[in-house]
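Asker: Take a look and give me a structure for this.
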Amino acid sequence: MNDTLLIALGVLALVVVGLWAWRRWHPVSFWYGVAFPARAVLVYLTWHHVASGCKLTRNRRRWRLTLDAVPVLGPAARSASGIVQHKRRMRRVDIERAPRLGALRPTALGWRVRLRLHDGQVPADYERAAEGIAHAWRVHAVRVVDVKPGLVTLWATMRDPLTTVETVPQTGELLQVRPGKLENGRDWVIDFRAVPHWLNAGATQSGKSNLANAIIAGLSPQPVALIGFDLKGGVEFTPYAPRLSALATTRKECVDLLAELVSELESRMAVCRAHGARNVWNLPEHLQPVPIVLLIDEVAELFLMADKSEKDEVARTGTALLRVAQLGRAFAVHLIVCGQRIGSDLGPGVTALRSQLSGRVCHRVNDPETANMTLGDMDPAAQDAARAIAAETPGVCVVAGQDGSWHRARSVYVSEHAAEQAARDHAHLTPAWDALIGSVPTTRPALPDAA
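Answerer: Below is the predicted model of the structure:
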């Protein structure tokens, strides 16, 4: 008996050590082979209890056959106490039913599962219950990631993938940058050809400037023209001057550059019209102009007025910037607008500009209005996620694209030295601003004589 017990304990110890080694050295295969199946069994066994606790169940009335004890009537029954007979009856009873749980599909960070909604339920019910479901399942977070008529998909993550973000390789594609990672483990890709303009909001030390560094470092090796509007007197973008075709540090300089940029847009528009092209990408390759990316730091400085004498300058700035945003997509001119404070109190120009910036990045902010201004026309859950960003996690942000979907993301750390080095290394790719403006031909080349 003792030998059998020792053998059993030895086998158990070997199994435990083997599982530990498997998890330590091959975590991916351990997750798919052991941990996920165990989690799936636990989810299915406890789902009814979890749904009931989160108030996602519904009572359904069903007919049920029951046996009722009925006292026997009559003189003989009165003398024999406790004599009863059972009769069968059909009764309508309320049965608590949980939403139907589909098959759990494993992911690298957790799992996805589709649920069929009860009558009267909406996806918002599951968004409100997501935190409770996460606690019940003992996971990092649960999110509603897909909605179809009568169906929702829940995505559970075992851990926060944004705790550490390593260097992400660049795409090599024109006007694409990979500044970090999304919460689903995929690379965060900013594609200016798909989403032409971006709004980047964040408080000091939230990661806003680091994202700008990552974008500059990612665009520097590409054949594009970079323009900087640095309303902090040039302290932010001056180190990147070798890679900037133009740099404005005052509002007057910004107004002058914007006027030239609008003129360049009109020139590109004329070329497209002459060649019957809807945008510059439909032009012949030798006629396609150099893409321009305009980075604006502290956009609030463009709209603040010390007195009424600045009103005209502010109005001209806002109008020119709005024209660039409206026309830029078709003619390869793109905006990245950054700011700590973005609110409606800055004037209608900011609100109109925001409507043209379909890409949104919201880091930790100091006031709810900036989060609302950045993400207010998106899913309300995105605002809640942005307000929940901790100060101890710089670089974490909420990213929303033009399709309305949003993700938590984190940009990889790019030091100022690394961004400056990238600007110097690729300074030879910098097109001169004077040569860039008006360099595109505005007439169709003459056709050869038929003779």
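
Asker: Please settle this for me: is Gln356 part of a strand?
Answerer: No. Assignment of Gln356 by DSSP: H, G, I helix; E, B strand; the rest coil gives coil, placing it outside any strand.

Asker: Now it: closest residue in space, sequence neighbours ignored.
Answerer: Ala325 (3.7 Å; C-beta to C-beta, 6 or more residues apart in numbering). C-beta here means a position set from N, CA and C on the backbone, and glycine is covered the same way.

Asker: for Ile296, same thing?
Answerer: Spatially, and ignoring its direct neighbours in sequence, Ile296 is nearest to Phe229 (4.3 Å; C-beta to C-beta, 6+ apart).

Asker: The one you found and Leu294 touch, don't they?
Answerer: Yes. Using C-beta atoms under 8 Å, Phe229 is in contact with Leu294, at 6.9 Å.

Asker: These two: which has the busier surroundings?
Answerer: Neighbour totals were compared for Phe229 and Leu294, and Phe229 leads with 30 against 25 (other C-beta atoms under 10 Å).

Asker: tell me the secondary structure for Arg128?
Answerer: On the basis of three-state DSSP, Arg128 is classed as helix.

Asker: residues touching it, list them.
Answerer: Residues near Arg128 by C-beta atoms under 8 Å, 6 or more residues apart in numbering: none.

Asker: before we move on, the earlier item: and the residue nearest to Gln356, which helix or strand is it part of?
Answerer: helix 311-327 (DSSP states H and E).

Asker: next structured bit after that helix?
Answerer: strand 333-339.

Asker: now the helix holding Ala325 and strand 333-339, what's the angle there?
Answerer: Interaxial angle of helix 311-327 relative to strand 333-339 (axes from the mean of the first three to the mean of the last three C-alpha atoms, to 10 degrees): 130 degrees.

Asker: Run through who's touching helix 311-327.
Answerer: 197, 251-252, 254-255, 258-259, 261-262, 265, 269, 294, 302-305, 333, 335, 347, 349-350, 352-353, 356-357.

Asker: In PyMOL, how would I select the buried members of these?
Answerer: A single PyMOL command is used to select the members of those judged buried by 16 or more other C-beta atoms under 10 Å:
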select buried, resi 197+251+254+255+258+261+262+265+269+294+302+303+333+335+347+349+350+353+356+357
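
Asker: Quick check, pLDDT for the residue nearest to Ile296.
Answerer: pLDDT, Phe229: 91.

Asker: Check which residues of the strand or helix carrying it are buried.
Answerer: Per DSSP H and E, Phe229 falls inside strand 225-230. Buried positions in strand 225-230, judged by neighbour count with 16+ other C-beta under 10 Å: Ala225, Leu226, Ile227, Gly228, Phe229, Asp230.

Asker: Can you spell out which helices and strands pack onto that strand?
Answerer: Strand 225-230 sits against strand 244-248, helix 251-274, strand 292-297, helix 433-436, with contacts defined as 3 or more C-beta pairs under 8 Å, 6 or more residues apart in numbering; DSSP states H and E.

Asker: run the last query once more with 10 Å
Answerer: When contacts are defined as 3 or more C-beta pairs under 10 Å, 6 or more residues apart in numbering; DSSP states H and E, strand 225-230 sits against helix 208-219, strand 244-248, helix 251-274, strand 292-297, strand 333-339, helix 433-436.

Asker: Can you say which of these is nearest to Gly102?
Answerer: Closest of these to Gly102 is helix 208-219, at 37.0 Å (criterion: C-beta to C-beta).

Asker: Just checking the distance from that closest one to the centre of its chain.
Answerer: Computed by C-alpha atoms, centre = their mean, to the nearest Å, the separation of helix 208-219 from the middle of its chain amounts to 17 Å.

Asker: please begin residue numbering at 45 from this point
Answerer: Okay, using 45 as the starting number, the last item reads as helix 252-263.

Asker: State the mean pLDDT of that helix.
Answerer: 90.

Asker: Run the angle between that helix and strand 288-292 for me.
Answerer: Relative orientation of helix 252-263 and strand 288-292, computed by the same axes, to 10 degrees: 150 degrees.
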